[in-house]
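Novice: Model the following, please.
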Amino acid sequence: MVIDVNEIPREGLHIDQDFDFASLDLVEEEAVLLEPTHAVVEVRKAGSEVLVKGKITTRLSFICSRCLRPFEYAVDSIFDLVYLPEELDEVKEELEEEDLERFFYYHQQLDLREIILEQLNLSFPLRPLCSEDCEGICPVCGELINQGRCSCQVQEFDPRLEKLKSFLRDKK
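Specialist: As a prediction, the model looks like this:
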């Protein structure tokens, strides 16, 4: 959905819409969208700036980075962005912290679909985990440690590092 900046009315635009994205559009390779991404967005123009404020919600399936099992992840993300015309993109000056929240629109157009996709990708966790206390997979037998099926004895340290351990103990 492309918005012509010159066509934004004085009172702004209110958009309440679902967006369908392919899994290939997502930055997380193993992520799968379970439903369309719902966006409620307000677009306002203030001089040459375009203010885009909104909220996205959806559900995805990720693969846990510890136990490798799929789990559902709910996205409920709010964003507040400022877009400037492309001419200001060419100005070469040191960015202030407030400038990091500014983006640019080109040819008097704003692609709302791209904005929603970017915000969706930014809402993903850095390391998808099914739960914070997920213990993952046993490095010896490959069983899920969370389910208690593993009875392997995992050594606390590598015996080759015994001398280093005694050195550090003596240093104290």
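Novice: only C-alpha atoms for contact and neighbour calcs from this point on.
Specialist: OK.
Novice: Convert stretch 165-172 to PDB, retaining C-alpha atoms only.
Specialist: C-alpha atoms of stretch 165-172 as PDB (Å, rounded to 0.1, in the frame of the first residue of the first chain):
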ATOM      1  CA  LYS A 165      41.700 -24.600  37.500                       C
ATOM      2  CA  SER A 166      44.400 -25.400  40.200                       C
ATOM      3  CA  PHE A 167      46.400 -22.300  39.100                       C
ATOM      4  CA  LEU A 168      43.400 -20.100  39.500                       C
ATOM      5  CA  ARG A 169      42.500 -21.700  42.900                       C
ATOM      6  CA  ASP A 170      46.100 -21.100  44.100                       C
ATOM      7  CA  LYS A 171      46.100 -17.500  42.900                       C
ATOM      8  CA  LYS A 172      43.200 -16.800  45.200                       C
END
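Novice: helix, strand or coil for residue 118?
Specialist: Here residue 118 is recorded as helix under DSSP: H, G, I helix; E, B strand; the rest coil.
Novice: my guess is residue 130 is in a helix, correct?
Specialist: No: according to three-state DSSP, residue 130 belongs to no helix; its state is coil.
Novice: now the helices: where do they sit in this structure?
Specialist: For the chain, helices defined by DSSP state H occupy the ranges 112-122, 162-171.
Novice: Tell me which of those helices approaches residue 142 most closely.
Specialist: Nearest of the helices of the chain to residue 142, taken as Cα to Cα: helix 162-171 at 26.5 Å.
Novice: Please list the outside residues in contact with the closest one.
Specialist: Where contact means Cα atoms under 8 Å, 6 or more residues apart in numbering, no residue beyond helix 162-171 reaches it.
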